[in-house]
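1. below are the sequence and a predicted model for it; my questions follow.
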Amino acid sequence: QVHLVESGGGLVQAGGSLRLSCVASGTVFSINVMGWYRQAPGKQRELVAAITSGGSTNAADSVKGRFTISRDNAKNTVFLQMNSLKPEDTAVYYCNAQIKLPNDGPTLPYWGQGTQVTVSS
């Protein structure tokens, strides 16, 4: 089975930084897009940033210039460096990956369990 395990969330003051990590464990053939989403209370889940296996990235306008997504393909890991955090960044952050299973298996979306990020003013 494949699992995405996130780490790095926590409580930080406005203007501070946090670094989220997400590793895909289990047997995978390849991982295409990896990304981070977030969901604040009472709001829909939204894309924060995504990165392809080739390194192409995109990010929500609200985080451009503050958040940076990167990945280590050899370790099946994606990172989200969050700087200049604002109270409105408070949310549960979820890792997502499009994973192709071995033995000519399908490509399926996987989600992590979520990690809480709280930014105090």
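-> That came through, no problem. Numbering: from 1, shown residues only.
2. residue with max distance from the center of the protein?
-> Relative to the centre of the chain, and counting by C-alpha atoms, centre = their mean, the farthest-placed residue is Asn103 at 26.8 Å.
3. you'd agree that residue is in a helix?
-> No: residue state for Asn103 (DSSP: H, G, I helix; E, B strand; the rest coil) corresponds to coil; a helix is not indicated.
4. quick one: buried residues of stretch 58-78?
-> Along stretch 58-78, these residues count as buried under the neighbour rule (16 or more other C-beta atoms under 10 Å): Ala59, Val63, Phe67, Thr68, Ile69, Arg71, Asn76, Thr77, Val78. Backbone N, C-alpha and C define where each C-beta goes, glycine included.
5. nearest to Leu108, of these?
-> Ranking those by separation from Leu108, with C-beta to C-beta as the measure, puts Asn76 on top at 14.6 Å.
6. just checking, that closest one touches Ala24?
-> Yes: counting by C-beta atoms under 8 Å, Asn76 sits close enough to Ala24 to count as a contact (4.1 Å).
7. which neighbours do those two share?
-> Contact criterion C-beta atoms under 8 Å, 6 or more residues apart in numbering; residues bridging Asn76 and Ala24 by contacting each: Ile31.
8. thanks a lot, catch you later.
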